[in-house]
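>>> Predicted model and sequence follow; I will ask about them next.
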Amino acid sequence: MLGNTLDNVRKTTPLVHCITNYVTVNDCANALLACGGSPIMSDEPLDVEDIQTICGGLVLNIGTLNKQTIEGMKVAGAQATKLGHPIVLDPVGAGASRLRTETAGMLLDECAVTVIRGNMSEVKALAGAASSTRGVDANPDDAVTDENLAESAQFARELAAKTGAIVAITGAIDLVADAEHAYAIRNGMPIMGKITGTGCMLTCIVAAYVVANPDSKLEAVIAAVAGMGAAGEIAAVRMQPVDGNASLRTYIIDALYNMNAAAIEAVSRVEEIA
Amino acid sequence: MLGNTLDNVRKTTPLVHCITNYVTVNDCANALLACGGSPIMSDEPLDVEDIQTICGGLVLNIGTLNKQTIEGMKVAGAQATKLGHPIVLDPVGAGASRLRTETAGMLLDECAVTVIRGNMSEVKALAGAASSTRGVDANPDDAVTDENLAESAQFARELAAKTGAIVAITGAIDLVADAEHAYAIRNGMPIMGKITGTGCMLTCIVAAYVVANPDSKLEAVIAAVAGMGAAGEIAAVRMQPVDGNASLRTYIIDALYNMNAAAIEAVSRVEEIA
Amino acid sequence: MLGNTLDNVRKTTPLVHCITNYVTVNDCANALLACGGSPIMSDEPLDVEDIQTICGGLVLNIGTLNKQTIEGMKVAGAQATKLGHPIVLDPVGAGASRLRTETAGMLLDECAVTVIRGNMSEVKALAGAASSTRGVDANPDDAVTDENLAESAQFARELAAKTGAIVAITGAIDLVADAEHAYAIRNGMPIMGKITGTGCMLTCIVAAYVVANPDSKLEAVIAAVAGMGAAGEIAAVRMQPVDGNASLRTYIIDALYNMNAAAIEAVSRVEEIA
């Protein structure tokens, strides 16, 4: 049951160490608290080993990387790998610059990454597939559609097989795959693209779910992705004419806070793709 | 028509590369999205050249500068200058420290700055005029008033002539000037000073407007400034007795999101100053 | 009268220089504005001496410390000490890593710290008492309860005597002590723990209160702590079923904005502990 994975987050309050960008970091922390996890941010190479040791998992988000934080990600990633803690990699802007593409690739090579979470352009860039991104948004040519769904699912499964990571590609249709199975998730609303940080928040939430569900990681990622989409739907319904994207941001985090197992079960639209 | 400049932002979704302070960066990103632009933040010297290349414009905001981000601003500014991309400089706290005054001056010297956007104390400090700031707020002695309006307009036009940049000085009365023309804009509300980030957000929005309106940059800056003031007015009207500055912040970004060409036309109070 | 201390903040608009973490920095700035202070953030070693010089006080929050910001804290702390400006130290995560524990200890040794504000686990780690933290949250074993209140008050008074600082330990029951007197403050709501940043915001507010009340610092800290708790209570009452922790964050800052002397007098629950 997908909903159980959220219950496990709430029961265990997983402590998630986040090395993430400074644009959306506050929303990431509040989103983690909303879903039942607990955040701690630390990117200094001299600090991250100790911090990772007391945590259950690690988020590596390269949204505003610099030389110091890249080193922090390497040290933290090595420690998480050594301790067997789940690592979620968010390759923000991979494909948009050499440094981002190379750093994402280096982290994937050096760390035991448990989940890759990005948009299709970023994940393609990480996979070395020919692509170009439009900044931190996906290239429209990379959109997952009903027409290319089978092909996109195959790409996700192959990347999962090659890397050993669960692959979560989010967009109008979300895809979650391991080497054998790929699922399409049809939750969420286009207006979620009008706020910054829904992807970054999801990455952190995925980490909490995976830490709290060590024996059903694939299901946990699907539930986290569907739950974020559901939160977007709930938030969109709450919008009044005078509201805009700032209220939407508040409403999405509020919806994550009020989400429960039954709601995830009721609203998630998940199907396996052959 | 001022309103058309907003339509052009919405039609073209300008990608704006922001090197900005970590205090208000999230609001800057959401404000850019609200007005129809798309943000990407990057300050690492090894990253900024690639990122600037795929963007349409650059924001340089020195609100929390450090040695690494100063170097990032130099590299990004050189690339934007080379590519002919608009650069908007926000000299936050110029006059409050030698490092800020010198960095703002260095960026103005080395880069082809398209717009300078600050409060009067900061802009005076940047211009080398005798002044002192009160942190990141303007010195009350520097306030633009009806009494000193002609003199202030003359200062703005002269700085524009000297630097080749459009000068946007915001306060109770906003001024926008190029070498020939200066305009007073009487939108906005004093309560906007009770939240952090209205200036930083405006700087980013100005960048989106200028990128989207290459043939009418002065008009674009006026529209962006008037639109931000109008958003503040709309937000202030929405305030309930229980609301405070946090709700105001949300309401301002919401108002930017719901702003349209007709609203800017209807509410902007712009007059040329001889 | 406790409430007078807030009036003094509103009358004097103390400018507070914050070196604080990038997770909650925006909320810190808006909380300072809400209570009547004025924030300026600066962590670059080359910038902080000038900035501290024009400010009335300094916040040192080690929540996302790195080598550069540690150096910035040392330089700013030395300048504040030299100028006799109040310093408020927030030892975020002390006990969770060697770097944090050592940095907090170093700052306490080298600077004339006026107030220490943390949770019990952090303050115990800073005091060299045996303890372990759970990330940035207090270890439940460290909770101040009615059972250990006298003992906890004694610990706080002793630390105050040893360091010369006022000690503010916040949790379900808050403690504020100098060397002679300790007070329990029973304001606030458990749900405040579901947002990030209430502690960081309080630290900044404490700084504003202490700067504005040089002759009654202990009373100022008590009022700031009680006022933050009262803001949490007001915010909790405002919560609707659809609201979650993001709305709560907005409501807390709004309540700080609307707080006044009479409200602090009316709702604060303060008692001296023998």
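Everything's here; your move. Residues are numbered from 1 along each chain as shown, chains lettered A, B, ... in the order given.
>>> contacts, neighbours, all on C-alpha from now
Will do.
>>> Put the alpha carbons of stretch A:177-191 into PDB.
Presented in PDB, the C-alpha positions along stretch A:177-191 are these (Å, rounded to 0.1, in the frame of the first residue of the first chain):
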ATOM      1  CA  ALA A 177      11.600   3.200 -12.600                       C
ATOM      2  CA  ASP A 178      14.000   0.600 -11.400                       C
ATOM      3  CA  ALA A 179      15.700  -1.800 -13.700                       C
ATOM      4  CA  GLU A 180      12.700  -4.000 -14.100                       C
ATOM      5  CA  HIS A 181       9.600  -1.800 -13.700                       C
ATOM      6  CA  ALA A 182       8.600   1.600 -14.800                       C
ATOM      7  CA  TYR A 183       5.500   3.500 -13.600                       C
ATOM      8  CA  ALA A 184       3.800   6.600 -14.900                       C
ATOM      9  CA  ILE A 185       2.200   8.900 -12.300                       C
ATOM     10  CA  ARG A 186      -0.400  11.300 -13.500                       C
ATOM     11  CA  ASN A 187      -0.800  13.600 -10.500                       C
ATOM     12  CA  GLY A 188       0.100  17.300 -10.300                       C
ATOM     13  CA  MET A 189      -0.900  20.500 -12.000                       C
ATOM     14  CA  PRO A 190       0.900  22.600 -14.600                       C
ATOM     15  CA  ILE A 191       0.700  25.700 -12.300                       C
END
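>>> How about that stretch, which residues are buried there?
Of all the residues in stretch A:177-191, those buried under the rule 16 or more other CA atoms under 10 Å in any protein chain shown are A:177-179, A:181-189.
>>> Out of those residues, which two are the most distant from each other?
A:179 and A:189 (27.9 Å; CA to CA).
>>> I would like the residues contacting stretch A:168-176, please.
Contacts to stretch A:168-176, defined as CA atoms under 8 Å, 6 or more residues apart in numbering or on different chains, come from residues A:115-120, A:123, A:143-145, A:153, A:156, A:166-167, A:177, A:182-190, A:199, A:218, A:221-222, A:225.
>>> What about the buried residues of stretch A:177-191, which are in strands?
A:177, A:182-185 (DSSP state E).
>>> low-scoring pLDDT stretches of the stretch 51-200 of chain A, where are they?
Residues of the stretch 51-200 of chain A meeting the criterion pLDDT under 70: A:129-136.
>>> at 90 what do you get?
Scanning the stretch 51-200 of chain A for pLDDT under 90 picks out the ranges A:128-142.
>>> From chain B, how far off is the residue nearest in space to the middle of chain A?
Nearest to the mean C-alpha position of chain A, counting by CA atoms, centre = their mean, stands residue A:203 at 2.4 Å. Separation of residue A:203 from chain B (CA to the nearest CA, to the nearest Å): 17 Å.
>>> and that residue, which of the three is it?
Secondary structure, DSSP: H, G, I helix; E, B strand; the rest coil: residue A:203 is helix.
>>> on that earlier part again, near chain C, which of the contacts of stretch A:168-176 show up?
For chain C, no contacts are drawn from the contacts of stretch A:168-176 by CA under 8 Å from any CA of the partner chain.
>>> Can you tell me which of those end up in helices?
Residues of the contacts of stretch A:168-176 located in helices (DSSP state H): A:120, A:123, A:153, A:156, A:199, A:218, A:221-222, A:225.
>>> I'd like those as TSV, with distance to residue C:82 appended.
Shown next, in TSV, are the ones in helices among the contacts of stretch A:168-176 (distance: CA to CA, whole Å):
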residue	distance to residue C:82
A:120	55
A:123	53
A:153	64
A:156	60
A:199	46
A:218	57
A:221	53
A:222	56
A:225	53
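>>> For the residues you listed, name the two members farthest from one another.
Taking CA to CA as the measure, the ones in helices among the contacts of stretch A:168-176 have their most distant pair in A:153 and A:199, spaced 19.6 Å apart.
>>> Could you pick out the residues of the stretch 1-150 of chain A near chain C for me?
Of all the residues in the stretch 1-150 of chain A, those lying near chain C are A:15, A:22, A:25-26, A:29-30, A:33-34, A:40-44, A:46-47, A:50-51, A:54-55, going by CA under 8 Å from any CA.
>>> check contacts around the residue nearest to residue A:92 when sequence neighbours are not counted.
Among residues not flanking residue A:92 along the chain, residue A:63 sits closest, at 4.9 Å (CA to CA, 6 or more residues apart in numbering or on different chains). Each residue near residue A:63 by CA under 8 Å, 6+ apart is listed here: A:20-21, A:91-93, B:41-42.
>>> Can you tell me the element residue A:63 falls in?
Here residue A:63 sits in a region with no helix or strand, counting by DSSP states H and E.
>>> and after whichever strand or helix holds residue A:52, which helix or strand comes next?
Using DSSP H and E, residue A:52 sits in helix A:45-54. Next helix or strand after helix A:45-54 toward the C-terminus (DSSP H and E): strand A:57-61.
>>> Strands of the stretch 1-150 of chain A, start to end?
For the stretch 1-150 of chain A, the strands defined by DSSP state E, counting those that start in this stretch cover A:15-19, A:38-41, A:57-61, A:87-90, A:115-118.
>>> and stretch A:78-88, which residues are buried?
Buried-residue list, stretch A:78-88, by 16+ other CA under 10 Å: A:78-81, A:85-88.
>>> from those residues, which is closest to chain B?
The closest of these to chain B turns out to be residue A:88 (CA to the nearest CA; 21.3 Å).
>>> Go ahead and confirm the closest one touches residue A:118.
No - applying CA atoms under 8 Å as the test, residue A:88 and residue A:118 come out as separate, 10.3 Å apart.
>>> Now the helix holding residue A:52: buried residues?
A:45-54.
>>> Kindly report the same for stretch A:70-78.
Neighbour-count burial for stretch A:70-78 [16+ other CA under 10 Å]: A:70-78.
>>> Ok, stretch A:250-269 next?
A:250-261, A:264-265, A:267-269.
>>> Pull the contacting residues for the residue nearest to residue A:199 when sequence neighbours are not counted.
Leaving aside its sequence neighbours, residue A:199 sits nearest to residue A:118 (CA to CA, 6+ apart; 7.2 Å). By CA under 8 Å, 6+ apart, the contact set of residue A:118 is A:90-92, A:168-170, A:199.
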